[in-house]
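Chemist: please work out how this folds:
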Amino acid sequence: MLKHWLKPWVLLISMFALQAHAELEIVITKGVDSARPIAVVPFQFEGTKPMTQDIAKIVAMDLQRSGYFSPVATSNLPRTPYPDQYINFSEWTDRGIDAIVTGKITQQADGNYTVHYQLIDAVRGKNTGGQTTEVAADGTTTTVRDHVLLNNIVRDLPNKQARTYAHRISDLVFEELTGIRGAFRTHIAYVVVDDRARYPYQLRVADYDGYNERLVVQSREPIMSPAWSPDGRKLAYVSFENRRSQLFIQDLYSGKRELVSSFPRHNGSPQFSPDGSKLAMVLSKSGSLQIYILDLKTKKLTQVTHGRANNTEAFWDPDGKSLIFTSDRGGQPQIYQVNLADGQTRRLTWEGSQNQGGQITPDGQYMVMVNRNAGGFNLAKQSLDESSGTSAVQILTKTLLDESPSIAPNGTMIIYSSVYGKNNVLSLVSIDGRFKARLPATNGRVRAPAWSPFL
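Modeler: Below you'll find the predicted structure:
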């Protein structure tokens with residue numbers, strides 16, 4: 001692959017080698033008032049040199065961005081207690097706060113830190129007076145503080161890992177309170193187009209909240225359609241660096257990459273199978289656009305769709321047994337599903353003049369797509385549960401020209417590209433459509449987002 005490194009119009013960069021100049025900044029636009037109140041108390045500090053990252057603030061922002069919680073402003077907290085023994089539960093429940101996160105950070109002699117944090121159920125604490133007594137079968141009694149839902153300590157935490165550990169706290173708090181696995185330690189990949197840069201097309205990766213942004217590939221020719229491998233180590237994407245579309249897979253840690261498809265005409269829309277062994281793609285080597293599957297080990301290529309219609313944007317069902325895809329076989333683009341075992345195909349979408357770019361939630365219950373209706377091109381959700389007796393389409397967004405949806409690995413949020421202020425930006429919407437935010441970049445047009453798997 002040395003020839004690809006020497007091309008004057010493309011530059012490959014290891015994920016951890018170079019930080020990009022611009023970071024994303026999440027701006028909440030809708031949904032805070034409908035979220036559940038939660039108190040994230042500023043963590044107490046003991047030592048001489050505080051951490052450069054405010055762990056409590058990061059946790060509060062994570063929970064707010066999830067759309068499920070509305071952290072109470074510090075100025076509105078009755079106190080800032082630590083630990084739970086110092087909490088007057090009535091003070092919190094009277095303000096409608098039933099969950100409290102509190103903690104303490106202690107600087108160690110070696111310069112690292114110890115972090116102790118608790119998640120407290122204020123309602124349970126009020127009802128039990130802060131403790132309950134359990135009687136064992138042998139008659140012995142034990143005092144239980146079952147209002148403390150989480151009571152964790154980490155030692156020897158370096159300052160540079162504070163943000164990552166804060167996301168871990170957020171994950172555990174979110175899961176404890178919702179029953180849904182948190183996705184705050186995930187990443188997003190996206191394409192930035194900066195016409196003023198020497199390499200205008202840039203594939204970047206960042207933490208889900210836009211921090212720690214890294215360049216993966218820079219090119220003078222277009223880059224499109226990034227897609228994550230299930231282990232989160234690799235990205236597949238389309239590059240026009242050789243003045244035609246080609247599909248590459250790149251290891252984000254080593255920087256090594258592999259050319260996997262370079263057929264005549266169109267090579268596009270890569271998607272890893274759920275087990276990572278195969279890659280769905282769109283090729284036009286036989287005429288119209290058709291879906292193919294490449295076995296990444298044997299390099300065997302299998303054609304999935306046939307005929308004169310254009311079939312594109314394949315996405316795997318979570319069980320790996322079928323694909324959904326966009327096709328114009330009915331005249332206008334609509335979404336279909338093909339069974340990979342027998343090739344049987346059925347149409348899934350009927351509402352709206354067009355539906356395309358479909359993705360399935362990790363639990364397989366819903367499909368998210370771009371729906372064209374009287375309001376324009378917007379994100380929509382449709383149930384795939386046939387037993388529910390309904391497949392009505394719910395419009396999730398009302399922004400301008402929404403495209404390229406990508407679902408968080410826990411199925412709670414969707415990231416997508418939209419137009420804001422005459423520019424392409426990334427936006428977020430909760431799976432129920434109640435919470436919305438945007439992630440404007442400080443330079444360039446941002447498109448084609450892809451949310452990583454759990455890492």
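
Chemist: tell me how far G343 lies from H306.
Modeler: Using CB to CB, to the nearest Å, G343 is found at 9 Å from H306. Using the backbone N, CA and C atoms, a C-beta is placed for each residue, glycine as well.

Chemist: low pLDDT regions in the chain?
Modeler: 1-34, 130-144, 387-391, 440-442 (pLDDT under 70).

Chemist: ok, R243 touching E221?
Modeler: Yes - contact criterion CB atoms under 8 Å: R243 and E221 qualify, at 6.8 Å.

Chemist: the two: which has the busier surroundings?
Modeler: With other CB atoms under 10 Å as the criterion, R243 and E221 differ in neighbour count, and E221 comes out ahead with 17 against 8.

Chemist: in a strand, that one, correct?
Modeler: No - counting by DSSP: H, G, I helix; E, B strand; the rest coil, E221 is not found in a strand; it is coil.

Chemist: please name the nearest non-neighbouring residue to it.
Modeler: Using CB to CB, 6 or more residues apart in numbering and skipping residues adjacent in sequence, the residue nearest E221 is F240, 4.0 Å away.

Chemist: just give me the neighbour total for that neighbour.
Modeler: There are 18 residues near F240, going by other CB under 10 Å.

Chemist: equivalent analysis for S322, please.
Modeler: So S322, with other CB under 10 Å, has 19 neighbours.

Chemist: got it, and T74?
Modeler: Residues lying near T74 (other CB under 10 Å) number 14.

Chemist: that one against P42, yeah?
Modeler: Yes - T74 lies in contact with P42 (CB under 8 Å); the separation is 6.1 Å.

Chemist: find residues that contact each of these two.
Modeler: T80 (CB atoms under 8 Å, 6 or more residues apart in numbering).

Chemist: sec struct for K126, please.
Modeler: Per three-state DSSP, K126 ends up helix.

Chemist: list the contacts for the residue nearest to E221?
Modeler: S219, E221, P222, I223, M224, Q246.

Chemist: with distance to V368 added, can I get those in TSV?
Modeler: Listed next are the contacts of F240 as TSV, based on distance: CB to CB, whole Å:
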residue	distance to V368
S219	29
E221	30
P222	25
I223	24
M224	20
Q246	28
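
Chemist: mind giving me the domain split of this protein?
Modeler: Per automatic domain parsing, the structural domains of the chain span 2-23+186-451, 32-178.

Chemist: and the closest residue to R329 other than its chain neighbours, how far from D432?
Modeler: Counting by CB to CB, 6+ apart, A309 is the residue found nearest to R329 once chain neighbours are left out, at 3.6 Å. Distance, A309 to D432, using CB to CB: 34 Å.

Chemist: quote the end-to-end distance of stretch 394-411.
Modeler: 16 Å (CA to CA, to the nearest Å).

Chemist: gap between it and the chain center?
Modeler: Offset of stretch 394-411 from its chain centre (CA atoms, centre = their mean, to the nearest Å): 12 Å.

Chemist: repeat for stretch 378-388
Modeler: So, by CA atoms, centre = their mean, the centroid of stretch 378-388 is 20 Å from its chain's centroid.

Chemist: not counting its own residues, what contacts it?
Modeler: 348-349, 351-352, 355, 360, 364-371, 390-399, 402, 405, 414, 416, 429, 431, 433.

Chemist: buried stuff in it?
Modeler: N378, L379, A380, K381, Q382, S383, L384 (16 or more other CB atoms under 10 Å).

Chemist: do the same with stretch 266-277
Modeler: Applying 16+ other CB under 10 Å to stretch 266-277 flags H266, N267, G268, S269, P270, Q271, F272, S273 as buried.

Chemist: the nearest residue to K49 once chain neighbours are set aside - how many residues pack around it?
Modeler: Leaving aside its chain neighbours, K49 sits nearest to Q107 (6.2 Å; criterion: CB to CB, 6+ apart). Other residues lying near Q107 total 17 when counted by other CB under 10 Å.

Chemist: bridged to Q107, which residues?
Modeler: Taking DSSP bridges as the rule, Q107 bridges to Y113.

Chemist: which element follows the longest helix along the chain toward the C-terminus?
Modeler: In terms of residue count, the longest helix belonging to the chain (DSSP state H) is helix 162-178. Using DSSP states H and E, the helix or strand that directly follows helix 162-178 along the chain is strand 187-193.

Chemist: show me what that next one packs onto, helices and strands only.
Modeler: Judged by 3 or more CB pairs under 8 Å, 6 or more residues apart in numbering; DSSP states H and E, strand 187-193 is in contact with strand 201-207, strand 223-228, strand 423-430, strand 445-451.

Chemist: of these, which approaches S90 most closely?
Modeler: strand 423-430 (32.1 Å; CB to CB).

Chemist: and stretch 315-325, end to end?
Modeler: 6 Å.

Chemist: give the buried residues for it.
Modeler: F315, W316, D317, S322, L323, I324, F325.

Chemist: contacts for it?
Modeler: With contact meaning CB under 8 Å, 6+ apart, stretch 315-325 is reached by 271-275, 280, 291, 304-305, 311-314, 335-341, 348, 358-360, 362-364, 367.

Chemist: what about burial for those residues, which qualify?
Modeler: 271-273, 280, 291, 304-305, 311-314, 335-338, 340, 348, 358-360, 362, 367.

Chemist: leaving out sequence neighbours, find the closest residue to D251.
Modeler: Here the residue nearest D251, using CB to CB, 6+ apart, is K234, at 5.4 Å.

Chemist: mind listing what the one you found touches?
Modeler: K234 touches W228, I249, Q250, D251, L252, counting by CB under 8 Å, 6+ apart.

Chemist: narrow those residues to those in strands?
Modeler: W228, I249, Q250, D251 (DSSP state E).
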